[in-house]
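Chemist: Got a sequence here, can you build the structure:
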Amino acid sequence: MEEVTKCYGAVAIVIAAMLTGCSDSPPPKPKQAEKPPEAVTGRYAFYQVYGTARLWAPDVQGLRVASIPLNEVKGAPGESGAWEVTFVSPSKGRMRAFTYSVVEAGGNLHKGVFAGFEESFNPSAQAKPWPIVALKTDSDAAYQAAAKKSEDAIKKLQGSPMFYLLEQTSRFPDLAWRIVWGESVSASKYSVFVDASTGEFLDKVR
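Modeler: Sure thing, here's the model as predicted:
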C-alpha cells in the first residue's frame, strides 16, 4: 500500500511540474493590424500585369497604361490604387486590357491582376504599340518632371483629381506620359507630357 501511495505521489509531482511549466509559457502575441492598401506607380502595375499578358500572347507589346482613381486608396503623386494596362499581340492582331488593383472595388475591379476580353486591334488608331523596353521612366518620376514646369498651375489646381496616361502617338517620336490635372483627358484642366524613355519634359497643354 505504501508503494502505491508513493507512486501516486510521484505522479502528482510530475503533473504539478507540467502545470507550472505551462503557466510560465509566454502569452500569445496579439495579431498585428493589417496595413492599409498602398497605391502603386504605373510601371509597377505594368510589370505586375506583364507576366499574365505573356501567357495570353508571348509577343505582346504595350499600347496604353492608364490610372484608375479609387477614393478608398490615397497615394503620392504619380501613384494610383488601380491601373488599366492594354497590350497588343501582332501575331493575333488583337488587343487585351488587364487591370491591376490593390483592393477589390466596384466596376468589376478585382484585387491583383484581372484579364479583360480580347478585342480586335486597329493599326490605324491614334495610339501605336510600343516595345516593352521603351518604358524606362515611371509615373512618379514623370510627375516630378512635370511639376518642375508647372509650379503656378499646381498651386491653382491644388486638390484637383489627377489622371495618368501612357501612350505612343504621332505627337511625339517616343513613348510619353501625360500627367493630367482632372479626372480624365477629356476633363483636363491642365496637363503635361513627359518622355517615358528619357524622363524629359516635352510639352504642356492648358
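Chemist: Strands along the protein, start to end?
Modeler: Taking DSSP state E to define them, one finds strands in the chain at 40-41, 61-68, 79-80, 82-89, 94-101, 112-120, 162-167, 176-181, 190-195, 201-205.
Chemist: Just the C-alpha atoms of the last one, please, in PDB.
Modeler: These are the backbone C-alpha positions of strand 201-205, laid out as PDB (Å, rounded to 0.1, in the frame of the first residue of the first chain):
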ATOM      1  CA  PHE A 201       9.700  67.400 -70.200                       C
ATOM      2  CA  LEU A 202       8.000  67.600 -73.600                       C
ATOM      3  CA  ASP A 203       5.100  70.000 -73.600                       C
ATOM      4  CA  LYS A 204       2.200  71.300 -71.600                       C
ATOM      5  CA  VAL A 205      -1.500  71.900 -72.500                       C
END
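Chemist: buried ones in it?
Modeler: Neighbour-count burial for strand 201-205 flags 201, 202 (criterion: 16 or more other C-beta atoms under 10 Å). The C-beta positions use only the backbone N, C-alpha and C, and glycine is treated the same way.
Chemist: helices or strands up against it?
Modeler: Strand 201-205 makes packing contacts with helix 139-148, strand 190-195 when contacts are defined by 3 or more C-beta pairs under 8 Å, 6 or more residues apart in numbering; DSSP states H and E.
Chemist: so can I have JSON lines of those showing mean pLDDT, distance to residue 80 and mean neighbour count?
Modeler: Conversion of the helices and strands packed on strand 201-205 to JSON lines gives the following (pLDDT from 0 to 100; distance: least, C-beta to C-beta, whole Å; neighbours: other C-beta atoms under 10 Å):
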{"stretch": "helix 139-148", "mean pLDDT": "96", "distance to residue 80": "8", "mean neighbour count": "20"}
{"stretch": "strand 190-195", "mean pLDDT": "97", "distance to residue 80": "16", "mean neighbour count": "22"}
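Chemist: Nice, that's everything, thank you.
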